[in-house]
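Peer 1: When you get a sec, could you give me coordinates for this:
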Amino acid sequence: MLQTAGSLVAIVALAALAWWMRLGPRAPLNHADAVRAIAGEVDDGFTPVDIACDEKGTGALVRDGEGRIMLIKAHGNRFAGRLLTAQARAALTGESDTFNIAIDCGEARFGRVFLTIPDPAAWADAINRLGSPGDA
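Peer 2: Numbers count the residues shown, from 1 in each chain. Take a look at the predicted model:
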């Protein structure tokens, strides 16, 4: 009985520690306010004017008034983001009406990101034109 009570106390203590450290499942990224907050944390002063959230809430693409595009993805129980450069590439994946977009930001450690977003073709085109002459 004493061993069971000790185990129960240890489990509760570990759960409290995890809660205090904010470990656990992340909130889905599925609304504009959350995306704006994360984009502002990644790059101070980045003000989104166009946002495309993944259907499952695992990431987003964000464009600001200057035409810069930021990719945000799930990273553990938090989110990480990168401003995309001319090295970034995007491709459509999927079939007929269920197209997704695959984005390679050009940084191997960040990895490829797969999103299911509205109007993926327009986003892929914008990403693939980054750094091109005449691109805003």
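
Peer 1: which residues does the nearest residue in space to Glu107 that is not next to it in sequence contact?
Peer 2: Nearest non-adjacent residue to Glu107, counting by CB to CB, 6 or more residues apart in numbering: Arg82, 6.4 Å away. C-beta coordinates here come from the backbone N, C-alpha and C atoms, glycine included. By CB atoms under 8 Å, 6 or more residues apart in numbering, Arg82 lies in contact with 42, 70-71, 105, 107, 110.

Peer 1: pull the longest helix from this protein.
Peer 2: The longest helix of the chain (DSSP state H) is helix 2-20.

Peer 1: Now do it: distance to the chain's middle.
Peer 2: Between the centre of helix 2-20 and the centre of its host chain there is 33 Å, according to CA atoms, centre = their mean, to the nearest Å.

Peer 1: do the same with stretch 77-88
Peer 2: With CA atoms, centre = their mean, you get 8 Å for stretch 77-88.

Peer 1: before we move on, what about stretch 40-47?
Peer 2: Distance of stretch 40-47 from the chain centroid (CA atoms, centre = their mean) equals 14 Å.

Peer 1: list the buried ones in it?
Peer 2: For stretch 40-47, burial by neighbour count (16 or more other CB atoms under 10 Å) applies to 42, 46.

Peer 1: Checking my notes, the residue nearest to Glu107 in a strand, right?
Peer 2: Yes: under DSSP: H, G, I helix; E, B strand; the rest coil, Arg82 falls within a strand.

Peer 1: Thanks again, I'm all set now.
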